[in-house]
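Colleague: What follows is a predicted structure for the sequence shown.
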Amino acid sequence: MPKLTKTVVDAEQPGTDQRLIWDTELKGFGLKIFPTGAKTFVFQYRTPEGKSSRLTIGRYSDALTADQARKLAKDKAHEVHAGRDPQGEKKARRSALTVGDLLDLYLKSDKFAGNAESTKAIDRGRIDRHLRPLLGTEIADKVTSGQVKKARTAIAEGKTAATVKTIARGVARVTGGEGTANMAVRLLSAAYNWAMEEKYVKENPAARMKLSGSGTRDTILGDADDYGRLFTTLQTMEDQKRIRSAAADAIRFIALTGARRGEATGLRWQWVDLKNGLIKLPPKAHKAGHRTGKPRIIALPTEAQAIIARQPGGEPESYVFKPTKGDGPLSLGNAWPAVRDEAKLPPDLGLHGLRHSIGSQLAMAGASNVELMETLGHKQITTTLRYIHFAERARSTLAERAASMAMAGLTGKTEKAPVTKMRKKSKTAA
């Protein structure tokens, strides 16, 4: 038997049957020659249990020379010497559950099915456009927290950004960013937690990830001027046909009611009761409903009722805010940034910030925890407390401003202000 070199491999001709030629230098290293003329390098060895096993290294070509195949065979020989089974491990990898498989199972689970329709649509997008491209081929039980961290960084830096075709809207622009990265990791963690309960995996590599805030949760509309610019801009853009009326009204509706974006864009006529001025979302149509099993009631101020009343009617299951095309709900992803920028609102103000604006303004007006929970549809008091804390910080700032004049007098840094004579009240003044 010769040493398998390029000259030897090239000289070997196919026969009527496939045959093996073994290398004289490296035990177990061989060349399989097929009747078709194809030539493949193999490595044969004994497993730790003493069974004979043969591993295919690869087909002889410009991409895999005899010398390269020999080096790979030596590496496998070292693995065998260390008590490993290269072929067994290869088969195990092929049959092992990948992250992509795990996510597919999660999408078909009762756990996922219990989410609101808007949540499911967004989560499918995060899986298909961020998680699957970055981690989908990895073995689910082998993924480390370091890999999850690397994937999160890639999403945050926009490395998964793309423009993809969709059935419902034609194209979707995937941008990534800090907020998207955090939500993608939370979704991955939820999928792993479910997989652990179902005994598919043993650990959750995303469980201990420390996620930074996106900064948008504390950004709100501060005063009537902010709201004024928002509503004026919406009207201007609508009049100039730069935003669809349905999209403009959906944004107005969120700003007036504090509804979640998905609750607004996914709103159906069968849930609307204009006679009593309210909306009754079934448990599966809002975020907390799949946990509590209870509907969410959204009270409608007069202007919000008018917004809904002017929408084109439809079947009970039709969307109130009609989408451009397709079967899915209305999309506000492109409309909102344009409105926000033109209205000169904070650049990190998300649509969810309109919801937080309502909660924060209510808290500063003295609303109780129960009132806030009822208005915003929260399940846990801890979620509502952020608005109480915001109000406390705001009151502290107001107190500093209110005391500034007195503090200036206390430190002797006042300047003489012009004397303003008060006009005497008439006798008939109330």
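Modeller: Structure's in. What do you need? Numbers count the residues shown, from 1 in each chain.
Colleague: Looks to me like A184 is in a strand.
Modeller: No. Note on A184: no strand contains this position according to DSSP: H, G, I helix; E, B strand; the rest coil, which reports helix.
Colleague: Hmm, it is touching L131, no?
Modeller: Yes. A184 is within contact range of L131, at 5.8 Å (criterion: C-beta atoms under 8 Å). Yep, even glycine has a C-beta here, placed from its N, CA and C like the rest.
Colleague: any common contacting residues for these two?
Modeller: Taking C-beta atoms under 8 Å, 6 or more residues apart in numbering as the contact criterion, the common neighbours of A184 and L131 are A151.
Colleague: Assign R54 to helix, strand or coil.
Modeller: Going by three-state DSSP: R54 is strand.
Colleague: beta partners for it?
Modeller: With DSSP bridges applied, R54 shows beta-bridge pairing to Q44.
Colleague: and it, how many neighbours does it have?
Modeller: Residue crowding around R54 was assessed by other C-beta atoms under 10 Å; the count is 13.
Colleague: try the one 3 residues further on
Modeller: Other residues near I57 come to 22 when the count uses other C-beta under 10 Å.
Colleague: Tell me how far it lies from D75.
Modeller: To D75, I57 is 10 Å away according to C-beta to C-beta, to the nearest Å.
Colleague: got the residue ranges for the strands in the stretch 101-250 of the chain?
Modeller: With strands called from DSSP state E, counting those that start in this stretch, the stretch 101-250 of the chain shows them at 162-166, 170-174.
Colleague: Please enumerate the helices of the stretch 51-200 of the chain.
Modeller: Taking DSSP state H, counting those that start in this stretch as the criterion, the stretch 51-200 of the chain contains helices spanning 66-81, 86-95, 99-107, 110-113, 117-126, 132-135, 145-156, 178-197.
Colleague: In CSV, could you pull the C-alpha coordinates for stretch 329-339?
Modeller: Coordinates of each C-alpha in stretch 329-339 appear next as CSV, following Å, rounded to 0.1, in the frame of the first residue of the first chain:
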residue,chain,number,x,y,z
PRO,A,329,-52.8,44.8,11.2
LEU,A,330,-51.8,48.3,10.4
SER,A,331,-48.1,49.1,10.6
LEU,A,332,-46.9,52.3,12.2
GLY,A,333,-43.2,51.5,12.0
ASN,A,334,-42.4,54.0,9.2
ALA,A,335,-45.0,56.6,10.0
TRP,A,336,-44.1,57.3,13.6
PRO,A,337,-40.4,58.4,13.2
ALA,A,338,-41.4,60.8,10.4
VAL,A,339,-44.2,62.3,12.6
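Colleague: which residues touch E317?
Modeller: By C-beta under 8 Å, 6+ apart, the contact set of E317 is 268-270.
Colleague: list the buried ones in stretch 3-22?
Modeller: Judged by neighbour count (16 or more other C-beta atoms under 10 Å), stretch 3-22 contains these buried residues: 4, 9, 12, 21.
Colleague: so which of these comes closest to K27?
Modeller: Nearest to K27 among the buried residues of stretch 3-22 is L4, at 12.4 Å by C-beta to C-beta.
Colleague: Provide the secondary structure category for the closest one.
Modeller: On the three-state scheme (three-state DSSP), L4 is labelled coil.
Colleague: Which residue, neighbours along the chain excluded, lies closest to it?
Modeller: In space, not counting the residues next to it along the chain, L4 is nearest to D23; the distance is 4.5 Å by C-beta to C-beta, 6 or more residues apart in numbering.
Colleague: Distance check, S53 against G266.
Modeller: For S53, the distance to G266 - C-beta to C-beta - is 55 Å.
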